Each structure stands twice: as structure tokens, then as C-alpha cells.
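**Student:** Sequence first, then the predicted structure:
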Amino acid sequence: MNVQQKPVPDFSRSAISRYIQLATLFRHRIASGAWPLGIQIPTVDDLAAECGVARATIRQALDVLGKENLIERHRGRGTFVRRRPQEELWCSVGTDWSGLLTPLGDAEIEILSEEQNVALEKVAYPLGELVSRYRHLRRMHTRRGAAFLLTDIHLDERLMDRISRIDLTAKTALQLVHDIPDLEISEARQTLTIGSADIDVSHALSIPLNSPVAFVHRRVVDASGCTILVAEGIYRGDVVRFDLKLR
């Protein structure tokens with residue numbers, strides 16, 4: 001089956017290793033259907049000629065896809081597409097207040113680390129006045145044993161005696177402060193940016209280096225103008241969608 005491919009980009013313009021760039025390109029071909037399930041992909045020689053790189057570089061890129069079980073090789077027959085990258089969206093993230101208070105039903109939350117009395121000197125996209133001390137929690141959200149979200153949460157230390165340990169492994173960051181009795185919230189904002197996974201994020205979320213990720217920054221301010229919550233979440237880009245209400 002001959003599939004018309006888009007022109008190959010100039011890999012020399014990026015500092016990212018060429019085999020990683022090629023793995024991303026080939027992964028996209030599988031995800032988009034340009035290389036359908038079951039198809040025999042071009043040979044190493046053909047891909048090397050198409051992409052203008054050495055055959056060893058193509059083999060490195062295909063090794064990445066092989067480790068992800070996207071392709072399978074048969075000696076004497078060739079290399080075939082085994083499956084597409086993550087075909088199921090695990091997590092739908094709302095953009096209104098009520099939608100952000102509901103955790104994914106079958107998700108589990110694990111506390112990776114916890115620090116008390118942490119001082120925050122600088123916050124991305126500041127809102128309100130920082131308090132003197134925060135409780136810093138790093139949490140991992142998983143579904144069916146696979147990680148999809150890594151979060152860093154800073155909660156006003158003065159509120160911690162009003163939040164149970166069970167809540168810390170059961171509630172979303174916004175739900176933690178929303179459910180505190182008599183706490184008045186005056187403002188909350190969410191900022192979304194798109195980036196790529198560095199080595200640490202790649203390892204934590206078990207995704208390839210430079211895979212797309214969504215960075216979600218959330219800040220909550222109480223009635224006195226204090227920033228009681230600062231949270232940053234890093235979502236795997238292949239398993240999340242953001243629903244925006246236009247009205």
C-alpha cells in the first residue's frame with residue numbers, strides 16, 4: 001500500500017536527537033492513520049533515503065516504537081504497525097469551576113512527597129498575595145496502573161488541620177479548598193500551556209522524551225486576598241482533552 005507522505009522536516013534545525021525526532025514523526029504517522037494498523041511500513045533503506053539520515057538512525061527510531069509496542073518486526077517479512085498510540089482518552093478536564101471539582105472516577109492518587117512550611121518566592125501567573133508558608137505535595141494520578149497526571153500542590157499551611165489525610169489522596173486540588181467549611185473563595189484561575197516532556201516528566205509519566213504534555217496552572221485566592229492554593233499539573237497529551245464551555 002502506497003501512502004502519500006508529507007515532506008520530511010529539516011531535522012538539523014533542532015537540538016533534539018534525530019532519532020527522537022524521527023520516532024515522533026513515525027508515531028504521528030501511525031496515530032493519524034497515514035500508516036494504518038496492519039500495514040507494512042517502508043524498509044529501513046527506504047526511510048533512510050526519504051529522511052536523509054543514516055540507516056542506524058532509522059533503526060534507533062524504530063526501536064523506540066518497538067518498545068512502545070506500536071510496531072512489530074518479522075524477519076524476512078518486514079515491519080508492521082501493531083497498534084496506534086493511546087487510543088482512549090483517560091481524562092476530560094473541564095474549564096469551569098464545577099467541572100474541575102470532580103476527580104476521574106476510577107483514578108487513584110498517590111502522594112510522592114510532602115514538605116511542610118515551604119516558602120514560595122515566585123509563582124507562574126501570580127494571583128493574589130502569597131502567604132508565608134505552604135504545604136508542598138507532589139502527587140501522581142494513575143488509572144488502571146498507568147500514570148496520566150503529575151501534580152505539584154502548594155496549600156496554605158494554615159488550612160492543613162482542616163484537610164484530612166484521606167482527602168489528600170481522594171480529592172482534586174481545587175476540591176481540597178472548596179470543601180473546607182466557611183472558607184470563602186473570591187477568585188480562581190486556570191492557565192493552560194502546551195509543552196514537551198523533559199527527562200524527569202518522561203520518566204514519571206512513562207512517556208517518550210519530548211512527548212506533548214499540557215501544563216495546567218491553578219491559583220485560588222480567599223476573601224482576604226491571600227493565595228491559598230497554587231497548583232501545577234502536567235498531563236500526558238495523548239490521554240487528556242480540555243472541554244471549554246462557550247456559553
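**Tutor:** Yep, it's here.

**Student:** So residue 23 is in contact with residue 59, correct?
**Tutor:** No - the criterion here is C-beta atoms under 8 Å, and residue 23 misses it with residue 59 at 11.1 Å. All C-beta spots, glycine's among them, are computed from the backbone N, C-alpha and C.

**Student:** Which strands and helices lie in contact with whichever helix in the chain runs longest?
**Tutor:** The helix spanning the most residues in the chain, taking DSSP state H as the definition, is helix 18-32. Secondary-structure packing of helix 18-32 (3 or more C-beta pairs under 8 Å, 6 or more residues apart in numbering; DSSP states H and E): helix 55-67.

**Student:** quick one: contacts of the helix it packs on?
**Tutor:** For helix 55-67, the external contacting residues (C-beta atoms under 8 Å, 6 or more residues apart in numbering) are 18-20, 22-23, 25-27, 30, 44-45, 47-48, 51, 71-73, 79, 208.

**Student:** Filter those residues down to just the buried residues.
**Tutor:** For these, a burial check counting by 16 or more other C-beta atoms under 10 Å picks out 18-20, 22-23, 25-27, 30, 44, 47-48, 51, 71, 79, 208.

**Student:** Could you look up the next helix or strand downstream of the helix or strand of the chain with the lowest mean pLDDT?
**Tutor:** When each helix and strand of the chain is scored by mean pLDDT, DSSP states H and E, strand 91-94 comes last, with a mean of 54. Toward the C-terminus, strand 91-94 is succeeded by strand 107-118 as the next helix or strand (DSSP states H and E).

**Student:** what packs against the next helix or strand after that next one?
**Tutor:** Using DSSP H and E, the helix or strand that directly follows strand 107-118 along the chain is strand 129-130. Applying 3+ C-beta pairs under 8 Å, 6+ apart, we find strand 129-130 packed against strand 226-236.

**Student:** Only alpha carbons, please: show the strand it packs on as CSV.
**Tutor:** Output in CSV follows, covering the C-alpha atoms of strand 226-236 (Å, rounded to 0.1, in the frame of the first residue of the first chain):
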residue,chain,number,x,y,z
CYS,A,226,-4.4,35.5,50.1
THR,A,227,-3.3,32.9,47.6
ILE,A,228,-4.3,29.7,49.4
LEU,A,229,-3.6,27.3,46.6
VAL,A,230,-1.0,27.1,43.9
ALA,A,231,-1.1,24.0,41.8
GLU,A,232,0.7,22.9,38.6
GLY,A,233,-0.4,19.7,36.8
ILE,A,234,1.4,18.0,34.0
TYR,A,235,-0.9,15.9,31.9
ARG,A,236,0.0,13.4,29.2
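
**Student:** partners of that strand, with directions?
**Tutor:** Here strand 226-236 has these sheet partners by DSSP bridges: strand 129-130 (parallel), strand 146-156 (antiparallel), strand 212-222 (antiparallel).

**Student:** Give me the mean pLDDT for it.
**Tutor:** On average, the pLDDT along strand 226-236 is 95.

**Student:** elements contacting whichever helix or strand comes after that strand?
**Tutor:** Sequence-wise, the next helix or strand downstream of strand 226-236 (DSSP H and E) is strand 240-243. Contacts defined by 3+ C-beta pairs under 8 Å, 6+ apart place strand 240-243 against strand 91-94.
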